[in-house]
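**Q** compute the structure for the input listed below.
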Amino acid sequence: MSARYPRDSWATRSEVFSCNGMAATSQPLATEAAVSVLREGGSAVDAAIAANAVLCVVEPTGAGLGGDLFAMVWDPAEKKLKGMNASGGAPGAAGRSWFEGKGYKAIPDKGALSVSVPGAVGGWYELHRQYGRLPMSRLLEPAVAYARDGFPVSEIIATEWAANAQRLADEPGFATTFLPAGRAPRKGERFRNPGLARLLAGMAQDGEQVFYQGPAARSMSETVQQAGGLLSEQDLAAYKPEWVEPLSVDFHGKTVWQLPPNGQGIAALQMLRLLEPWDLKKAGFGSPEHVHLLVEAKKLAFADRARYYADPSFAKVPAEELISKAYNDERRRLLDANKAVRDIPAGEPKLDGGDTVYLTTADSEGMMVSLIQSNYMGMGSGVVPVGLGFSLQNRGCLFSLEAGHPNVIAPGKRPFHTIMPGFVTRDGEPWLSFGVMGGAMQPQGQVQVLINLLAFGMNLQAAGDAPRIRHDGSPGPTGKSADENGGVVHLEPGFPEGTAEALNDRGHTVQIGHGHYGGFQAIAWNPVDRIWRGASEYRKDGQASGY
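**A** Predicted structure coming up:
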């Protein structure tokens, strides 16, 4: 074993350090674009927009102009964390009665009926109005060039592209844009997207109205409606992102922040509250106690997630109560430290009161951005508006059609969302900007990274590279439970020998193997030495870099 990497480190490579600024993304071309913006004096927000735009070109399997965006920005001038919800709502014609009248029991997970209003572009421009330094024309320049001139497709993205092609090849416009050779591009092959290049160039020159109004909006609405969907030009023209207040809990001397619903971020906060009393450091990484307690806390949090998470503009969401110490002390009584619980009901708090890309950036003035963006399931609905070069998201399939459910579809309502940027402060100062991609894996993954850092003492790279746990089977956002048998605990290869057998003895169903365990990027700040520290894990094509 090399002396460079101790066996208990798990790190596949070194952490990255810099003095002036840093970016960590899931694709090297996006990281390079962000760092080049930082070198020119751009803010961390500028760098994040540039990186996200490049990812929309080079990683369409997780990002795209047809998707939504959530972000948290540490404002060093105000010493405050700001939240951005740039998710779009259901079309104005999309009510429960419409689907009921057509005989639908659930909203399809691909095609035109799964489309909701894309919010990411609106999010870029709102973030830029507040914190941008360089013009949008400069920030979109790398993305325009890669779309126009082409880029070599990286390895993991090529694999995911081929998987999406099998699922979406027959959707309107998909094959024409994304399968020009009759198949997905292979790793190392150059791919061009001239339609997307033209759209991005127009936005760079004339702003977000190029996307939400005029010919582009007309193409989106007409393509969707011709395929049987409901999106209209009026839905697009009316879109506005929203600034929101992040929520937090304390854990191991740090304050962990998440955005409120309609996202699922507070599930991570609730899991941390539930795990608070246990000495996980003493239990040890990968021990049966560590895995069991994490899975059982996840079951409790996800039962509440299924029952209460929704758009707070349409439903009472008891977010503060769900993450309160008193409520989780009560919920914890349902957790058996020695036995897997088969089925956990939602709690009764007081009512008053897929694939994704994650990136993080930091600049020389101390601004940090934690940003996550997604089409939802890989390349989304598969519906590609004529001439625009991107697939619209399929977030609409996350709505419930159950009467009275908080997440039931309604005109203009934002669906339950899985994407959640993470942030951690220490004594009122920024400490960590991080995220883990991957649908329901996101809160599970974020909690594991934090436990790795704060309980097990791993460094930033090792905390992301260490083998992960994923529990499947908890109730989903549509309210349908799949947990009657306690679900399945998936363990990535690398856990200690005997852990799986001990978990089986506690009543878990365990499977060991590779699969969907998310993708992690992070930047940490050392205020004493004024040094940035970055990491990007091996499960994605990305990297961290600074200057």
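**Q** contact partners for the residue nearest to the spatial centre of the chain?
**A** Centroid-nearest residue in the chain, with CA atoms, centre = their mean: Ile419, separated by 3.2 Å. Residues near Ile419 by CB atoms under 8 Å, 6 or more residues apart in numbering: Asp68, Phe70, Gly263, Thr356, Ile372, Gln373, Ser374, Gln442. (Each C-beta comes from the backbone N, C-alpha and C, glycine too.)
**Q** what's the lowest-pLDDT member of those?
**A** Checked by pLDDT, the contacts of Ile419 have Thr356 as the lowest-scoring entry (87).
**Q** what's the pLDDT at the nearest residue to Gly487 once chain neighbours are set aside?
**A** Using CB to CB, 6 or more residues apart in numbering and skipping the chain neighbours, the partner closest in space to Gly487 is Gly473 (2.2 Å). Looking at Gly473, its pLDDT stands at 81.
**Q** pretty sure Gly473 contacts Val488?
**A** Yes - using CB atoms under 8 Å, Gly473 is in contact with Val488, at 5.9 Å.
**Q** okay, the two: which has more neighbours?
**A** Ranked by neighbour count (other CB atoms under 10 Å), Gly473 and Val488 place Gly473 first, with 19 against 14.
**Q** for the stretch 201-350 of the chain, just list every one of the strands.
**A** Using DSSP state E, counting those that start in this stretch, the strands of the stretch 201-350 of the chain run over 242-244, 247-251, 254-258.
**Q** OK, contacts around Glu276?
**A** Phe251, Asn328.
**Q** hmm, try it at 7 Å
**A** Phe251 (CB atoms under 7 Å, 6 or more residues apart in numbering).
**Q** just to revisit the earlier point, so the residue nearest to the centre of the chain, which of the three states?
**A** For Ile419, the assignment made with DSSP: H, G, I helix; E, B strand; the rest coil gives coil.
**Q** gap between the closest residue to it other than its chain neighbours and Tyr212?
**A** Leaving out its chain neighbours, the residue that sits closest to Ile419 by CB to CB, 6+ apart is Ile372, at 4.5 Å. Look at Ile372 and Tyr212: by CB to CB, to the nearest Å, they are 21 Å apart.
**Q** likewise Pro415?
**A** Distance of Pro415 to Tyr212, given as CB to CB: 19 Å.
**Q** more crowded one of these two?
**A** Pro415 (29 against 23).
**Q** and the more buried one, what pLDDT?
**A** 96.
**Q** need the contact list for it.
**A** Ala90, Ser116, Asn262, Arg395, Gly396, Leu398, Phe399, Asn407.
**Q** give me the distance between it and Val115.
**A** Distance from Pro415 to Val115, by CB to CB: 11 Å.
**Q** do the same with Leu139
**A** For Leu139 relative to Val115 (CB to CB), the value is 27 Å.
**Q** more crowded one of those two?
**A** More crowded of Leu139 and Val115, by other CB under 10 Å: Val115, with 33 against 28.
**Q** excluding its backbone neighbours, what's nearest that one?
**A** Nearest non-adjacent residue to Val115, counting by CB to CB, 6+ apart: Leu392, 4.7 Å away.
**Q** low pLDDT regions in the stretch 301-450 of the chain?
**A** 347-354 (pLDDT under 70).
**Q** brilliant, that's me finished.
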